[in-house]
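J.: Okay, sequence plus prediction incoming.
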Amino acid sequence: MPSPTPSFWSVCKAGFRRNRVPAVILQLFAGAILLLYFLAPGLRGFFESIEELKAASGPGFAVVSTAIFGGLIPWGVMVYRGRISRKEQWKHLTFFLFFWGLQGAAVDWLYTQQTIWFGSESSFKVLMTKMLVDQGPYNLIWATPNSLILYGWKDAGFSWKRLWAQSTASTLRHRFLTIQVSAWVVWVPAVLMIYSLPPDLQIPLFNLVLCFFSLVLAFVSKN
């Protein structure tokens, strides 16, 4: 007899337990970068050069950098640690580069639009509004369903037929909640820090946080 589908609250508690240590490490990492930006004048030229590069490159910067920091670097670590079989390595690399390049374009659009809609100041009201849009409609309508479907396809051996056969309403609901709760645990504090920076530094910090979190998971997670 199949085991019952976990309740919403059990999924929430499991998502928190699974991600609490990596999430705390990530918040400290993002906070350190934020402090360096505001409190280390000697690094201001470095940050300004990144801003200029992002401004000059436009959305292409987000696509390439997110593919590298979200896809290529974690893929290399997973290959080194034997998390991906040798025969699947290039399929996974292609998937990760495509998936994270797509996410980079979407996140860059979101950050740009939020600056247009709500401005670039870092007041409490603006930061909270941007965080709620980011972690609410954007995640619920785009980021989480997108991850659920595409990563599900990858985990089904890149077979849409197998993915469809494995998917039921209860399993999809459970996976959706697992992904979403885990994302909230990690990203609610992180995006508040990201939106505290000038617009052209938001994607670079997003990429550093994304890469760092992926590496932390690669070393502390068994699965």
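T.: Arrived safely, thanks for sending. Residues are numbered from 1 along each chain as shown.
J.: Touching, residue 62 and residue 105? I think so.
T.: Yes: the pair residue 62 / residue 105 is scored as a contact, 6.2 Å apart, by C-beta atoms under 8 Å. C-beta: built from backbone N, CA, C; applies to glycine.
J.: Which of these two has more residues huddled nearby?
T.: Counted by other C-beta atoms under 10 Å, residue 62 and residue 105 do not tie: residue 62 has more neighbours, with 26 against 16.
J.: Helix or strand, whichever it is, which one in this protein has the lowest mean pLDDT?
T.: Ranked by mean pLDDT, DSSP states H and E, the weakest helix or strand in the chain is helix 8-39, scoring a mean of 73.
J.: Tell me which helix or strand comes right after that one.
T.: Using DSSP states H and E, the helix or strand that follows helix 8-39 in sequence is helix 44-57.
J.: Run through the neighbouring helices and strands of that next one.
T.: For helix 44-57, the contact count by 3 or more C-beta pairs under 8 Å, 6 or more residues apart in numbering; DSSP states H and E identifies helix 199-220 as packing neighbours.
J.: Could you rerun that using 10 Å?
T.: With contacts taken as 3 or more C-beta pairs under 10 Å, 6 or more residues apart in numbering; DSSP states H and E, helix 44-57 sits against helix 8-39, helix 59-66, helix 199-220.
J.: which stretches of this structure have low pLDDT?
T.: Along the chain, segments meeting pLDDT under 70 span 1-22, 216-223.
J.: let's go with 50 and repeat that
T.: Filtered on pLDDT under 50, the chain yields the residue ranges 1-2.
J.: Name the residue closest to the centre of it, please.
T.: Geometric centre of the chain, nearest residue: residue 210, 5.2 Å, by C-alpha atoms, centre = their mean.
J.: surely that residue meets residue 66?
T.: Yes: Residue 210 lies in contact with residue 66 (C-beta atoms under 10 Å); the separation is 7.2 Å.
J.: Overlap of the contact sets of the two?
T.: Common contacts of residue 210 and residue 66 (C-beta atoms under 10 Å, 6 or more residues apart in numbering): 100, 103-104, 107.
J.: Same list (the residues you listed) but as TSV, adding distance to residue 114 and neighbour count.
T.: As requested, the shared contacts of residue 210 and residue 66 are exported to TSV (distance: C-beta to C-beta, whole Å; neighbours: other C-beta atoms under 10 Å):
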residue	distance to residue 114	neighbour count
100	20	26
103	16	23
104	16	27
107	10	26
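J.: Which ones among these lie within helices?
T.: 100, 103-104, 107 (DSSP state H).
J.: residues of stretch 43-60 that come out buried?
T.: Using 16 or more other C-beta atoms under 10 Å as the burial criterion, the residues of stretch 43-60 that qualify are 47, 51, 54.
J.: of all the residues you listed, which comes closest to residue 40?
T.: residue 47 (9.1 Å; C-beta to C-beta).
J.: The closest one and residue 204 touch, don't they?
T.: Yes: counting by C-beta under 10 Å, residue 204 is a contact partner of residue 47 at 8.7 Å.
J.: Give me the common contacts of the two.
T.: Taking C-beta under 10 Å, 6+ apart as the contact rule, residue 47 and residue 204 both touch 33, 197.
J.: Right, I'll call it a day here.
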